[in-house]
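J.: have a look; sequence and predicted model below, questions after that.
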Amino acid sequence: MPSFSDRLAAAVRAKGPLCVGIDPRWEALPRAIRERHRVVLGADYQSAAWAFAEFGQRVLELVVPYCGIVKPQAAFFELFGPPGMVALQTLLARARRMNLVTILDAKRGDIASTATAYADAAFTGCAIDGSTLPVWDADALTINPYLGRDAVEPFLTAAKKGDRGVFVLVRTSNPGAGLFQDLVCNGKPVYRHVAEEVARWNAPTRGESGLGDVGAVVGATHPRELVELRAAMPDVWLLVPGYGAQGGTAADVKAAYRPDGLGAIVNSSRGVTFPFQPDDRDWEAQIVAAAQKAQAELRA
Ligand SMILES: O=C(O)c1cc(=O)[nH]c(=O)n1[C@@H]1O[C@H](COP(=O)(O)O)[C@@H](O)[C@H]1O
């Protein structure tokens with residue numbers, strides 16, 4: 001199997017840098033789907049989770065001509081407990097069968113011994129008597145580096161073993177990102193220290209495209225830092241969220257690409273998957289139009 005970074009490069013070459021985030025919200029679902037899966041609370045969230053699975057799979061079918069990468073956000077599925085996790089697993093499996101590169105957005109991070117379990121869950125599954133049964137089987141996972149190098153290493157090891165990738169939070173898209181990330185120590189902001197560490201972790205993993213399997217998350221909402229971080233991590237894939245619903249524009253993310261057009265994938269979740277009102281009968285056409293527009297804008 002080609003390395004994660006080479007699979008990502010192939011996806012971007014084929015369909016451009018758009019990554020569609022799957023972040024389903026019950027109240028925002030098309031009314032027809034909500035009614036098909038009427039929720040009778042008191043037992044569990046089974047029917048609500050089916051609604052997420054149906055919506056998510058339909059979104060995959062609608063956006064696949066326009067993007068080669070999808071990023072389900074685990075939180076929205078966890079909200080429905082075990083049935084929600086089954087819906088997430090179903091969606092990831094479906095995306096894989098459609099040859100989409102999958103990024104599980106769960107922002108994991110813990111002491112090394114626990115991080116190993118998170119990493120195995122994300123990628124290859126638990127080894128029992130020499131064999132493994134994959135759980136999420138994602139191509140990549142988002143991780144939080146706050147606990148330090150030893151806590152990140154299990155993710156790097158597991159990714160290497162399974163030809164997978166990680167995206168490390170470097171400069172996040174939220175308005176309060178600077179509270180810790182901009183603190184200056186040893187002459188530079190914390191996010192620059194993280195970026196330099198990411199570049200080091202990434203260097204030995206570089207594939208044919210020259211890019212590696214250890215990526216960085218850098219928000220579209222901070223264009224100045226995006227320019228700075230592209231230069232600081234020339235061989236690192238950037239996952240750029242914040243385009244669309246959070247206000248980032250195609251012009252803001254331009255600096256994230258390398259001259260060869262690779263090096264960045266740009267996520268849009270609500271902007272592509274919820275451009276409609278729940279009562280709109282043409283919700284599918286609206287998703288197609290939003291995906292088409294995002295692909296064209298980002299490719300241009
Ligand atoms: O790691 C992420 O994907 C992420 C990092 C970040 O800095 N900001 C950010 O918005 N995200 C995720 O990207 C998605 C953005 O969703 P929209 O704002 O709806 O496009 C959500 O799933 C967030 O959890």
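T.: Cool, got the structure.

J.: near the ligand, which residues of this structure?
T.: 21, 23, 73, 105, 142, 172-173, 217, 219, 241-242, 244-246, 267-271 (Cβ under 6 Å from any ligand atom). Using the backbone N, CA and C atoms, a C-beta is placed for each residue, glycine as well.

J.: one more time with 8 Å
T.: Residues of the chain lying close to the ligand (Cβ under 8 Å from any ligand atom) are 21, 23, 71, 73, 75, 103, 105, 107, 142, 167, 169, 171-174, 177, 217-219, 239, 241-246, 267-274.

J.: show the buried residues in those.
T.: For the residues of the chain next to the ligand, a burial check counting by 16 or more other Cβ atoms under 10 Å picks out 21, 23, 71, 73, 103, 105, 107, 142, 167, 169, 171-173, 177, 217-219, 239, 241-246, 267-269, 271-274.

J.: okay, and which of those map to helices?
T.: Counted as lying in helices by DSSP state H, out of those, are 271-273.

J.: list the contacts of Leu100.
T.: By Cβ atoms under 8 Å, 6 or more residues apart in numbering, the contact set of Leu100 is 11, 60, 64, 67-70.

J.: what does Asp252 give?
T.: Residues near Asp252 by Cβ under 8 Å, 6+ apart: 220-221, 223, 226, 243.

J.: 10 Å instead?
T.: 219-224, 226, 240, 242-243, 266 (Cβ atoms under 10 Å, 6 or more residues apart in numbering).

J.: pick out whichever of these sits closest to the ligand.
T.: Distance to the ligand across these (Cβ to the nearest ligand atom) is lowest for Gly219, with 4.6 Å.

J.: next, the closest one: phi, psi?
T.: The phi/psi pair for Gly219 (degrees, to the nearest 10) reads phi -70, psi 150.

J.: hang on, the earlier thing: and the furthest pair within the contacts of Leu100?
T.: The two members of those with the most space between them (Cβ to Cβ) are Ala11 and Leu60, at 14.0 Å.

J.: now the common contact residues for those two.
T.: By the contact definition Cβ under 10 Å, 6+ apart, Ala11 and Leu60 are jointly contacted by 67, 100.

J.: could you measure from the closest residue to Pro189 other than its chain neighbours over to the ligand?
T.: With sequence-adjacent residues excluded and distances taken as Cβ to Cβ, 6 or more residues apart in numbering, Pro189 is closest to Asp182, at 4.9 Å. To the ligand, Asp182 is 14 Å away according to Cβ to the nearest ligand atom, to the nearest Å.

J.: for the residue nearest the centre of the chain, give its distance to Gly16.
T.: The centroid of the chain falls nearest to Lys71 when counting by Cα atoms, centre = their mean (3.7 Å). According to Cβ to Cβ, to the nearest Å, Lys71 and Gly16 sit 15 Å apart.

J.: what's near enough to touch Arg94?
T.: For Arg94, the contact set (Cβ under 10 Å, 6+ apart) comprises 53, 56-57, 60-61, 70, 100, 102.

J.: which among those residues gets closest to Phe4?
T.: So of these, ranked by how close each gets to Phe4 (Cβ to Cβ), first place is Thr102, at 10.7 Å.

J.: pretty sure the closest one contacts Gln89?
T.: No - Thr102 lies out of contact with Gln89 (Cβ atoms under 10 Å); the separation is 11.2 Å.

J.: pull up the overlap in contacts between those two.
T.: Shared contacts of Thr102 and Gln89 (Cβ under 10 Å, 6+ apart): 72, 136-137.

J.: what about those residues, which one has the most neighbours?
T.: Taking other Cβ atoms under 10 Å as the neighbour criterion, Pro72 ranks highest of the shared contacts of Thr102 and Gln89 with 29 neighbours.

J.: excluding chain neighbours, what is closest to that one?
T.: For Pro72, ignoring the flanking residues on the chain, the nearest one in space by Cβ to Cβ, 6+ apart is Ile22 at 4.2 Å.

J.: now for that neighbour, how many residues are close by?
T.: By other Cβ under 10 Å, neighbour count at Ile22 equals 26.

J.: residues contacting it?
T.: Ile22 neighbours (Cβ under 10 Å, 6+ apart): 52, 55-57, 59-60, 63, 70-73, 76-77, 88, 91-92, 95, 102, 105, 269, 272-273.

J.: could you export the helix or strand hosting Lys161 as CSV, CA atoms only?
T.: Assessed by DSSP states H and E, Lys161 sits inside helix 149-162. The C-alpha trace of helix 149-162 is given here as CSV (Å, rounded to 0.1, in the frame of the first residue of the first chain):
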residue,chain,number,x,y,z
ARG,A,149,6.9,14.0,22.8
ASP,A,150,6.6,10.7,24.6
ALA,A,151,2.8,11.0,24.4
VAL,A,152,2.9,11.6,20.7
GLU,A,153,5.3,8.8,19.9
PRO,A,154,2.8,6.0,20.2
PHE,A,155,0.7,7.7,17.5
LEU,A,156,3.8,8.0,15.3
THR,A,157,4.7,4.4,15.9
ALA,A,158,1.2,3.1,15.2
ALA,A,159,0.9,5.3,12.1
LYS,A,160,4.2,4.0,10.7
LYS,A,161,3.3,0.4,11.4
GLY,A,162,-0.1,0.7,9.6
